[in-house]
Structures are given as C-alpha cells and as structure tokens.
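*Asks:* quick check, what structure comes out for this input:
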Amino acid sequence: MRWIHRRGALTFSAACALLAASGCGQKSPADAATKAQPPAAAVPTAPGGIALGSIAITQEDIDWFRRSRAEWIDCESGAPAIVPPDLSLEQLGEALDGGAPVSPEFERFVHVTSAFFLHASFAPGHYGFLPPFAQRAAFDVTAEHIRLLQHANWRTFMIDCKRPYGDFTHYEVDMADILGLPVSKDAKGHAQIGKDAEKRMDALHTDMLFALQAYIRFARLSPGRYVVPERGLSQTLARPLCRPVSATRIALYQRALAAAGPRPDSRRTAALDEAAGGLFALD
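*Replies:* Got it, this is the predicted structure:
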C-alpha cells in the first residue's frame, strides 16, 4: 500500500496487522478536564448567521469519532495513525493516496477529525480504556506526550513513519529537541543524546500509540458549528493542537476564504494553503 505525503511517497508493507477496533471507558478525572471550545458562532459570520467556512458537528459525529482507533503503522521507524470506524487501514490508505473515490465515510472522517484537531482540548491525566486497548486498561498521558502529539510530523492523520518528529531519521534526536533535552555533537559532528536518553525517547515513541488512543476517546469537544479548512488542506496540514485555536486565527482564515472566492485555481489554493497553515500553527 502506498500513501502520498508532502515529503515524498512512503511504501507500506501489505502485512500491516490491523488492531482490533476498541472503545474506551470512563471519563477522564477532574484534574485532566479542560474547558471545551464554545461553538464557532462566536466568530465572524456570513450572511444568514452561519460562520464562514464552518461545518456542523453533532453529538453523533463526536460519538462516531470516539469509535476510531489508533493503529501502529509498522514501516521505517513506525508511527501511529487514526483509523475511522467505517474503514480498514488499507481502505484509509487508498483514500489518502487518491486511489479510491472519496466516500461519504472518508469525507466525514476528514471533517470531524479536523474539527477535533483544531477545536478540542486535551490535557495530561490518567485515562481508562474500557475494554482494554492493546492489553492496557489505562494510560497516563504526560505533558511530554502532549508536546510530541503537537509537534510530530503529521501526514494525513498519521505521524510520518520515516521522520516522526523532524528532519532526522534518527528521530530520538528530534524528540529530545522538541522536549528541550540536551543535544550534543560527536567528533564527526553528528547529533547525539546518549544511550539512556535514547532508550527513554524510544519508550515515549512507543507510548504515542496509547496517547493517541486516549486523545481519540477523551479529547473534549462539544456539538456546534466549527470552522475547518477544505478537505484537501486538512489532509496535508492538520495536527492536534490539544487546545482550541484562537478566534483571531479563525477570523484570519475566514477573511482569506472570503477574499479567495469560490472558483478553484492555483492562486486561490496558495492563499488558502497559507491561511490554513496559520490555523494549525503552534505558538
């Protein structure tokens, strides 16, 4: 299976094993709770009172997203992906690669996931999986997991298998840099962090499967109307902010959307690509 990403094509093994679809259990504890983003009605609206560029996210959409699952893509360094409840990993890969017509399920997946990535809150805490997920009944999401989720190289709702966190195939160095850990150079000028730190980064990278599953199940989003980029932009730019995007950035995107007009052309695409990139930019 071949998926296309901005940094080139990644070839996936046909032997990628599918994890069993899993639900998760009880609500996160109070110390992990954060305030949900208010509906997008608070942002500038188009004629008719509907926020420009917004879509309706219902409780049914939210419950449907909760039935998605994190799956580990076993290629290169390996990395987790979000797989929607109505598609297999192979079907998702075909849709992302453009090898299959866009289905209503895939369209819904892109829109709902983009709404979560932009507008949901997700905090460190102890999260219970019911039934157990990958033989774990619970998982402790730390601030480090959150930071890695935010700063990973996201490619079409998965973390890049080859370079998960930056430009290095030696991804542990990128992780250490993201987390503010010491990075030095050896006699040949190669970045290094030491064996102990490498082991800890490897363990954190493995943990990202469980951190992502906790995000799927417990990231906080209420029903409402939410501004999201068009499907093609979301596929290439989306990343989980883990805190709601600011109203200022939403307004900037809406102004760009209004100025771009409805007709697709290269100038419109470039303008909206830049504006959508601003939505997903990290502070």
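*Asks:* and Thr169, how many neighbours does it have?
*Replies:* For Thr169, the neighbour count with other Cβ atoms under 10 Å is 12. For the C-beta atoms, the positions are set from N, CA and C on the backbone; glycine is no exception.
*Asks:* was I right about it contacting Ser77?
*Replies:* Yes - here Thr169 lies in contact with Ser77, judged by Cβ atoms under 8 Å, at a distance of 7.3 Å.
*Asks:* what do the two both touch?
*Replies:* Common contacts of Thr169 and Ser77 (Cβ atoms under 8 Å, 6 or more residues apart in numbering): 162-163.
*Asks:* and His126, how far is that from Asp140?
*Replies:* Here His126 is placed at a distance of 5 Å from Asp140 (Cβ to Cβ, to the nearest Å).
*Asks:* equivalent analysis for Tyr127, please.
*Replies:* To Asp140, Tyr127 is 8 Å away according to Cβ to Cβ.
*Asks:* quick check: closest non-adjacent residue to Ile159.
*Replies:* Counting by Cβ to Cβ, 6 or more residues apart in numbering, Ile159 lies nearest to Ala79, which is 3.8 Å off, once chain neighbours are set aside.
*Asks:* ok, back up a step: with neighbour numbers in mind, choose between Tyr127 and Asp140.
*Replies:* When neighbours are counted by other Cβ under 10 Å, Tyr127 and Asp140 differ, and Tyr127 comes out ahead with 26 against 14.
*Asks:* would you say the more buried one is within a strand?
*Replies:* Yes - assessed with DSSP: H, G, I helix; E, B strand; the rest coil, Tyr127 lies in a strand.
*Asks:* residues touching the nearest residue to it once chain neighbours are set aside, list them.
*Replies:* Leaving aside its sequence neighbours, Tyr127 sits nearest to Ala214 (Cβ to Cβ, 6+ apart; 4.2 Å). Residues in contact with Ala214 (Cβ under 8 Å, 6+ apart) are 24, 122, 127, 129, 139, 141.
*Asks:* lowest-confidence one in these?
*Replies:* Lowest pLDDT among the contacts of Ala214: Cys24, with 36.
*Asks:* max-length helix in this structure?
*Replies:* For the chain, the helix with the greatest residue count under DSSP state H is helix 195-218.
*Asks:* residues in contact with the residue nearest to Tyr165 when sequence neighbours are not counted?
*Replies:* In space, Tyr165 comes closest to Asp174 once its chain neighbours are excluded; the distance is 3.8 Å by Cβ to Cβ, 6+ apart. Shown in contact with Asp174 (Cβ under 8 Å, 6+ apart): 163-168.
*Asks:* what are the buried residues along stretch 90-106?
*Replies:* Applying a neighbour-count criterion of 16 or more other Cβ atoms under 10 Å, the buried positions in stretch 90-106 are 91-97, 106.
*Asks:* just give me the closest of the residues you listed to Asp207.
*Replies:* Nearest to Asp207 among the buried residues of stretch 90-106 is Leu92, at 22.6 Å by Cβ to Cβ.
*Asks:* for that closest one, which non-adjacent residue is closest in space?
*Replies:* Here the residue nearest Leu92, using Cβ to Cβ, 6+ apart, is Val83, at 5.6 Å.
*Asks:* show me what the residue nearest to Ile159 is bridged to.
*Replies:* Judged by DSSP bridges, the bridge partners of Ala79 are Ile73.
*Asks:* over to the one 4 residues further on?
*Replies:* Residues found in beta-bridge contact with Val83 (criterion: DSSP bridges) are Arg69.
*Asks:* look up how far Met158 lies from it.
*Replies:* Distance of Val83 to Met158, given as Cβ to Cβ: 9 Å.
*Asks:* equivalent analysis for Thr236, please.
*Replies:* According to Cβ to Cβ, Thr236 and Met158 sit 12 Å apart.
*Asks:* kindly report the same for Pro104.
*Replies:* Using Cβ to Cβ, Pro104 is found at 21 Å from Met158.
*Asks:* so which elements touch the helix or strand where Pro131 lies?
*Replies:* Applying DSSP states H and E as the criterion places Pro131 in strand 125-133. In terms of contacts (3 or more Cβ pairs under 8 Å, 6 or more residues apart in numbering; DSSP states H and E), strand 125-133 is packed against strand 136-141, helix 195-218.
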